[in-house]
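generate a structure from the sequence data that follows.
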Amino acid sequence: MNINKIATIRNARGGSIPDVVQAAVKCQAFGAEGITVHPRPDERHIRYQDVRDLRSVITTEFNIEGYPSQRFIDLVLEVKPHQVTLVPDSHDVITSNQGWNVIKYEDFLKEVIREFQRAGIRTSLFIDADLTQIERAAATGTNRIELYTEPYALNYTLDPEKAIVPYVKAANKAVESGLELNAGHDLNLTNLRYFSHHIPNLLEVSIGHALISDALYLGLEKTIHLYLEQLG
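All right, here's what the predicted structure looks like:
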């Protein structure tokens, strides 16, 4: 579960309500199998200090995602989460909107990945459902990739069978390349079951915006249970 949106609500008013740390504790108690945060340079939602404060209360899995600037790298090495997911966000994007061009940034990514892995942190690269990029991702030494699923979510409403095809191919390429598989972005109660039931070897999905939005109507505990049901 990505808890960035909880921090967004807090920051809109100032102060400490809702409490991000308490939210993470509750999410885990309600069944969430991991907590994801994405600190951005302007700290418009999750702050760097939030990441530090969260580390001691995560009893499931802690995933920190973000662009590997030196400040971000230093934070991850300090906190030592279970996983770091590297995304190619520019500083001014509203949300992640593309995967890595691994061919262009391969040397840079290799260096960053080695540094994290030396510290015992599992690495994942945010990747489009592009077979060439996935193949090159394996060459960086990363442990996993996270498939960027916004195109799937958009096309699912038009034709689910057609929407899933490139992701099945991508998942198979990941396995062939020796990579473990995560996925995330715009997965929700409408499209998650179909995705998870068709994608082989899927280990983890990261969901924030849709889940928190649903929780406004349904309550956090019930919403987490509903998402877990979609995953079987």
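
where do the helices sit along the protein?
For the chain, helices defined by DSSP state H occupy the ranges 4-13, 20-29, 48-55, 70-79, 102-118, 131-139, 150-156, 160-176, 192-198, 209-218, 220-230.

quick one, which of those is nearest to Glu61?
Nearest to Glu61, of all the helices of the chain, is helix 20-29, at 9.8 Å by CB to CB. C-beta: built from backbone N, CA, C; applies to glycine.

thinking again about what came up before, of all the helices of the chain, which one is nearest Pro88?
helix 102-118 (7.5 Å).

point out where the protein drops to low pLDDT.
90-97 (pLDDT under 70).

contact partners for the one residue sitting closest to the centre of it?
By CA atoms, centre = their mean, the chain has its centre lying nearest to Ser206, at 4.4 Å. Shown in contact with Ser206 (CB atoms under 8 Å, 6 or more residues apart in numbering): 1-2, 34, 36, 63, 65, 85, 146, 182-184.

ok, now His45?
4-5, 7-8, 11, 38.

most neighbours of all the residues you listed, which one?
His38 (23 neighbours; other CB atoms under 10 Å).

for it, give me its contacts.
By CB under 8 Å, 6+ apart, the contact list for His38 reads 2, 4, 45-46, 64-66, 87, 96.

one more time with 7 Å, if that's ok
Residues in contact with His38 (CB atoms under 7 Å, 6 or more residues apart in numbering) are 2, 4, 46, 65-66.

how about Pro81?
Contacts of Pro81 (CB under 7 Å, 6+ apart): 62-64, 121.

same thing but at 8 Å, please
55, 58, 62-64, 121.

quick one: it from Phe62, how far?
4 Å (CB to CB, to the nearest Å).

picking that back up, taking the contacts of Pro81 one by one, which sit in strands?
62-64 (DSSP state E).

next, format those as JSON lines and append neighbour count and distance to Glu229.
Converted to JSON lines, the ones in strands among the contacts of Pro81 look like this (neighbours: other CB atoms under 10 Å; distance: CB to CB, whole Å):
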{"residue": "Phe62", "neighbour count": "21", "distance to Glu229": "24"}
{"residue": "Asn63", "neighbour count": "25", "distance to Glu229": "22"}
{"residue": "Ile64", "neighbour count": "25", "distance to Glu229": "27"}
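
what's the closest of those residues to Asn155?
Nearest member of the ones in strands among the contacts of Pro81 to Asn155, counting by CB to CB, is Asn63, at 26.1 Å.

I figured the closest one hits Ile35, correct?
Yes: Asn63 is within contact range of Ile35, at 7.1 Å (criterion: CB atoms under 8 Å).

thinking again about what came up before, Leu125 is nearest to which of the helices of the chain?
helix 131-139 (5.1 Å).

bridged to Asn2, which residues?
Residues in a beta bridge with Asn2, per DSSP bridges, are Thr36.

and it, how far from Pro200?
From Asn2 to Pro200 the distance is 24 Å (CB to CB).

okay, the two: which has more neighbours?
When neighbours are counted by other CB under 10 Å, Asn2 and Pro200 differ, and Asn2 comes out ahead with 23 against 10.

do I have it right that the more buried one meets Gly208?
Yes: the pair Asn2 / Gly208 is scored as a contact, 2.8 Å apart, by CB under 8 Å.

perfect, I'm done here.
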